[in-house]
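> Pasting the sequence and the predicted coordinates here, then a few questions.
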Amino acid sequence: MEVRDRVRAFLDEHDPSAMSRTEFLGARFDAGLAWVHFPQGLGGLGASREQQGVVEQLLAGTPGPDGRQGIGLGMAAPTILAFGTEEQKKRYLRPLWTGEEIWCQLFSEPGAGSDLAGLATRAVRDGDDWIVDGQKVWTSGAHYADWAILVTRTDPDVPKHQGLTYFICDMHAGGVEVRPLRQITGEAEFNEVFLTGVRLGDELRLGKVGEGWRVAQTTLMNERVAIGGGRTERGGGIIAPVLQTWRDHPELRTHDLHRRLLSLWVEAEATRLAGARLREQLTAGVPGPEGSAIKLAFSKLNQELSGLEVELRREDGLTYGDWTFRRSDEVAMFSRDAGYRYLRAKGNSIEGGTSEILRNIVSERVLGLPQEQRADKDVPWKDLPR
Amino acid sequence: MEVRDRVRAFLDEHDPSAMSRTEFLGARFDAGLAWVHFPQGLGGLGASREQQGVVEQLLAGTPGPDGRQGIGLGMAAPTILAFGTEEQKKRYLRPLWTGEEIWCQLFSEPGAGSDLAGLATRAVRDGDDWIVDGQKVWTSGAHYADWAILVTRTDPDVPKHQGLTYFICDMHAGGVEVRPLRQITGEAEFNEVFLTGVRLGDELRLGKVGEGWRVAQTTLMNERVAIGGGRTERGGGIIAPVLQTWRDHPELRTHDLHRRLLSLWVEAEATRLAGARLREQLTAGVPGPEGSAIKLAFSKLNQELSGLEVELRREDGLTYGDWTFRRSDEVAMFSRDAGYRYLRAKGNSIEGGTSEILRNIVSERVLGLPQEQRADKDVPWKDLPR
Amino acid sequence: MSLLYSDLQEELRGSVRALLADRCPPSAVLARVETDTPYDLDLWRALTTEIGVAGLLIPESLGGAGATPGEAAVVLEELGRSCAPVPYLTSSVLATTLLLRSGTPAAEKLLADLASGASTAAVAVSLATSPYDVKSSGVTVTADGLTGTVTGVAGAEPADVVLVPADGKIHAVTDFTVHTQVSLDQTRPIATIELDSARSTRIAPDTEPLTYALSRTAALLASEQVGVAEWCFDTTLAYVKERKQFARPIGSYQAIKHRLADLWLDIAKARATARNAAEDDPDEITIAVAQAWTSPVTVHAAEECVQLHGGIGMTWEHPAHLYLKRAKADSIALGTQGDHQDTLAKAANIPATPHGTGH
Amino acid sequence: MSLLYSDLQEELRGSVRALLADRCPPSAVLARVETDTPYDLDLWRALTTEIGVAGLLIPESLGGAGATPGEAAVVLEELGRSCAPVPYLTSSVLATTLLLRSGTPAAEKLLADLASGASTAAVAVSLATSPYDVKSSGVTVTADGLTGTVTGVAGAEPADVVLVPADGKIHAVTDFTVHTQVSLDQTRPIATIELDSARSTRIAPDTEPLTYALSRTAALLASEQVGVAEWCFDTTLAYVKERKQFARPIGSYQAIKHRLADLWLDIAKARATARNAAEDDPDEITIAVAQAWTSPVTVHAAEECVQLHGGIGMTWEHPAHLYLKRAKADSIALGTQGDHQDTLAKAANIPATPHGTGH
């Protein structure tokens, strides 16, 4: 039976208005329509990845996964599929898909940002279990997550990429403490997660001992390539708010700001077109690390445009919306005030690969220039300077 | 007798209008008033270096050395004084001072620009002589020079800084061929010098065999620190020509160029003030590598200002003064057309230390950041990749 | 005229820096921004009584120290380095310069109190006011007194007296209400001042002293900005030497080295322009150059500070954001870079297009 | 509308590139700039007869290939990569577009000759003319014919016919004198055209076809600029991989790596804007964006090429300077970045100050 027919049959049998979102998603999983390229029995049909587009199109408007499931769907699920045991796949994929269980990721550490493989969170074998101690950071959703994908160091005596092991971590386990991490905007989008003597059974290990870096690469490759801001119209997207302010407030205009705004308008349009061209290339089957460069460009534009808007607003630019320390689960770049956007945009060139790392990637992988000299590849992790 | 009194006595006895420039300078040398801090008999009095200012002041208006003597006076003389034998000092310093003998320098090579110590011109011992083969470049004045200061490689089997030897080179010797080096401006300010089997007696060696790098350091330290453009008034110096064009041609003005010109005006003034402050610090006895940074700033300004002027001139900016291949002994940054200045200024960030090298110097010697990793310090020169 | 610091100035800097190191660490500044008292009045008392910063610009005859703007500039550099929440710029520079310029007996009476730090003043204009475009306030003068609201005022909370431009004159008022606005710069918040039939004393018969004081304060603001930029630079430099990624200090990566070399040079230029603007009687061009250069450089320094600290620079607990917010607010305060460039265009005879506005 | 190159376009590119590699190496281009014949007419003949580049934009009905601007753009990219001294832009794009737009029988007659390459045309306006500000020429029309001088004309030397705007109309003239001016861009020099009672044929009753052609040529000039930028980038990239200082390729230094990464990205954006402007009927904003972005990026690419080649980049014998001169001249040709930004301000509704010029 064609995928298209399966979806129609599924819709004939399941009326989303007559069941809860969880029930509907569960039924969709069982019908193999969660990820059609996953195997049968694990939410898929063993079909080609392209068929997923057909499914999404036909199921448009029915209840789907929500934003809190993003890390589970985007990062945990493909990793579990690639490296999990049969038991793990059976156990975790369905509730991950239905949203009954929420996932987060425990990767970055205060001492391991760009250099993720240098991480220091230890996992030590204790009988059938592992005891985990360490600190993770920049974890979104940790405060409501049930499970985490976790990378730990199990062998400090070998070079850093070789001594890592990947786990599924129970976020409700003893010793897991989640603290909101306040940002310069005043809010907390992320968390710090302190792991103190956390006991994880060996059945929570994903992949082999010492194979953690390879597993983590799979996870990271599945992090969506951010081709900054997606499709937008000319004059839309990140430049729209400052244009609105410009048009609404003739009294704020100056010649200096006019020329700077025109330059940024041109840059934004050139960047938008380059992004569109890159998407065309990707569609035509010419993928590559060029996406890194577009992210670089959008970070810069976000920062410069929001900075210009704060300056344009003059006295209003001296004010701020709200400094209250509170959780925020979304990056509201378009609905919030210019001051918030100015501060939040500073993170764009750090999160998801710093601009410095992205320039390395472009120069080495796109341009073929020599790699930076590395002193850390063949030295036991414990002997590295830090 | 005070230096001041010596100068007065000298002037009483020598009427510059009654003798040739060469005779007058010769007499001045013999009176110890060439460089008062040099030893007696070598053009000096063994006085303090500060006394030279007194001499220059009192002798202002009398015939002095000319521009073609610059390299001899600025670089060769202090090196000969520091490393020469008594015979060498006696032989070379007086005609160098009087201008009877002109000097040039043979340092840079096509393969050794920023990395001067990597030079490849070979000098091989042959009895009492040395046979020199190689190619030097960016040599000003080579076509009229009598002597050159020359750095060669005498031992390729030791690390690069250790195998160099410094010579005085007879520019009239057989095997010395000087060719004008045409630049992108169309002119030749510099030369290429081809050395083919040039025979130099060992008495022309300056310093010990293998000591060439130390001798060359003395030479280079005496190259004047270019605190870009010297003292100028506000709105003067490198920004003056474009301001003149701006004021003379209201019809060429645009808002875009206006804002760019204002920004550069501010930058030029800030740079001028920083240069003035640096000179104050130097006078107050706080020298340092900061001069490198000012040269960096002036290179950038020269380039941006001349580039803006070409654009401002529109159709006139599409023309050029003269492409004729001819020798030019001066860098006429202020008297020539904007196109010439635009092209010539491109060399500012290369000659006398590239901007990249200067940024290294600032970051390492001023800011104390780690040095670039060097693979060439302990390897025999002949085994280095090139 | 020297662009260097005098020995006296270095001594003054040492005193201020030592006091701030002791009583104004970043942790204290950060803790205060969450409270209802944005200004640190204990610190202010120490600065005024132990060092006497408040009276630096006031002649000895009026109870001050009779120092030059060069000394005030050094104090501002140090306060900028600490993002110190004290009303020095607003009271001891802006309000003080206004009062000195008006020179009326009423003004001199106020100055005596300001000199000792016994009293603090603010000027009731928006911090975003350009010295080249001073608009009339919304305050009206009637027989009952002054009535109206002024927004965007810095240094209002600790002020005992506010100097209010209204009806083409300047008035001193002690009866006013302050509402702190939620501000981008958390260490120098702006506030709304409300006057309701407030009694007042005439300080100046016209508003020229206000324009003058705004311009001279802009000149000295450049020194505060240099202090902010310096803290950002020094803190970043120390961090990149310390922080290792891929087993190397991140300061060993050449791209970072070159960025820091360029930034160092930009700040060196900023210091030169600020010192020039801190001379006794700077002309319009000198002030405009200092502001037009130093504002964007200081913002850039603060932005590089956040970027080169990586994730930690985005956290509330690291003080970098306090400097970013101060740098950005300072770039708007007392004229933007464009305002100062426009003034340059006029004063240095660099006219806009022949078809242009003629500014 | 796709921003990618079609297979047909890649094929065309391949032909042009192969021909140029064979007959237009840098050494030949450099040698020619010292001669009295700045344009390479043998090369031009090969391009027109072997590949048929001259007629790309001309409909098949008039003897051309009936191709789209996208094809002409690819030819321009390749000519830019070689700084090829041929009158493609001036004859096959500018003059051709003007004639196509006017559409008169006289124009169509000329087009038939241009299509085959049998004849070459130039437009008697300064290359520095902005499409947004076309001034009337100094040529007067009397009963005796056209008389006057036009300066700054590109592509005049090889032209058999010049199209002259005069008296509000456009005229074709074959009787004219050309004096080459000493030009910054040595591979596309400008010249003075002199007319002395020259007989003419009326091509268009008004100058709208001229304005139109200037604008469309500006759109395609962006592709030439991309070609220039690409040569500079590719040549620099190859050099920094090869050139060693301190026993390392200079391309292993991170500061250089990051600069090249940024430049690569800027050129990628330039290509996207140029492809967009090479669509069949680009609007004013599309053209203005392509020019406003690509001009400074191309100049920057050429400047980085000289800088990163070190001393050798400053020598006459290395071809980098030919590209620097072309890049700079192209940034002035057919409107500066400011002209195109001004048009954007109007077309995209981003008005200047309320007190400003209203442009």
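That came through, no problem. Residues are numbered from 1 along each chain as shown, chains lettered A, B, ... in the order given.

> Which residues of the stretch 1-150 of chain A lie near chain C?
Residues of the stretch 1-150 of chain A lying close to chain C (Cβ under 8 Å from any Cβ of the partner chain) are A:108, A:110, A:113-115, A:118, A:137-138. For every residue, glycine as well, the C-beta is placed using N, CA and C.

> Which two of those residues have the greatest separation?
Pairwise distances across those (Cβ to Cβ) peak at 15.2 Å, for the pair A:Gly118 and A:Trp138.

> count of neighbours near A:Gly53?
11 (other Cβ atoms under 10 Å in any protein chain shown).

> Which of the helices or strands spans it?
helix A:51-58 (DSSP states H and E).

> Buried residues of that helix, list them for me.
Neighbour counts over helix A:51-58 (16 or more other Cβ atoms under 10 Å in any protein chain shown) mark A:51-52, A:54-55, A:58 as buried.

> starting at the chain centroid, how far to that helix?
In this view, helix A:51-58 has its centroid 23 Å away from the chain centroid, taken as Cα atoms, centre = their mean, to the nearest Å.

> Could you list the residues in contact with that helix?
Contact with helix A:51-58 is made by A:3-4, A:7-8, A:11, A:33, A:35-37, A:45, as judged by Cβ atoms under 8 Å, 6 or more residues apart in numbering or on different chains.

> so A:Gly321 makes contact with A:Tyr340?
Yes. Assessed by Cβ atoms under 8 Å, A:Gly321 is found in contact with A:Tyr340 at 5.7 Å.

> ok, what's across the strand from C:Leu163?
C:Val123, C:Ala172 (DSSP bridges).

> quick check: longest helix of the chain.
I'll assume chain A. Ranked by residue count, the top helix of chain A under DSSP state H comes out as helix A:255-283.

> meant chain C, my bad for not saying
helix C:208-242.

> The nearest residue to C:Ser252 once chain neighbours are set aside: what secondary structure?
Excluding its sequence neighbours, the residue lying closest to C:Ser252 (Cβ to Cβ, 6 or more residues apart in numbering or on different chains) is B:Pro370, at 3.9 Å. Three-state call for B:Pro370 (DSSP: H, G, I helix; E, B strand; the rest coil): coil.

> Output the buried residues of helix A:51-58 as TSV; include the columns distance to B:Val178 and pLDDT.
Listed next are the buried residues of helix A:51-58 as TSV, based on distance: Cβ to Cβ, whole Å; pLDDT from 0 to 100:
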residue	distance to B:Val178	pLDDT
A:Gln51	75	89
A:Gln52	73	89
A:Val54	77	90
A:Val55	78	93
A:Leu58	81	94
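
> Which helix or strand in chain A has the lowest average pLDDT?
helix A:212-221 (a mean of 88; mean pLDDT, DSSP states H and E).

> Please state the offset of that one from the chain centre?
The answer for helix A:212-221 is 14 Å, by Cα atoms, centre = their mean.

> ditto for stretch C:159-173
20 Å.

> Please name the nearest non-neighbouring residue to the residue of the stretch 251-386 of chain A found nearest chain C.
Residue nearest to chain C within the stretch 251-386 of chain A: A:Asp256 (2.7 Å; Cβ to the nearest Cβ). Distance criterion Cβ to Cβ, 6+ apart; nearest residue to A:Asp256, sequence neighbours excluded, is C:Gly338 at 2.7 Å.

> Mind listing what's buried along the helix or strand that the one you found is a member of?
Element membership of C:Gly338, judged by DSSP H and E, is helix C:337-347. The neighbour-count check on helix C:337-347 (16+ other Cβ under 10 Å) flags C:337-346 as buried.

> low-confidence ranges in the stretch 251-359 of chain C?
Along the stretch 251-359 of chain C, the model assigns pLDDT under 70 to residues C:355-359.

> could you pull out the helices for it?
With helices called from DSSP state H, counting those that start in this stretch, the stretch 251-359 of chain C shows them at C:254-277, C:284-308, C:320-332, C:337-347.

> After the longest helix of chain A, which helix or strand is next?
Counting by DSSP H and E, the next helix or strand C-terminal to helix A:255-283 is helix A:290-313.

> tilt between the helix or strand following that next one and helix A:290-313?
The helix or strand immediately downstream of helix A:290-313 is helix A:338-345, counting by DSSP H and E. In terms of direction (axes from the mean of the first three to the mean of the last three Cα atoms, to 10 degrees), helix A:338-345 departs from helix A:290-313 by 150 degrees.

> which strands and helices sit next to helix A:338-345?
Other elements packing on helix A:338-345 under the criterion 3 or more Cβ pairs under 8 Å, 6 or more residues apart in numbering or on different chains; DSSP states H and E are helix A:240-248, helix A:290-313, helix C:320-332.
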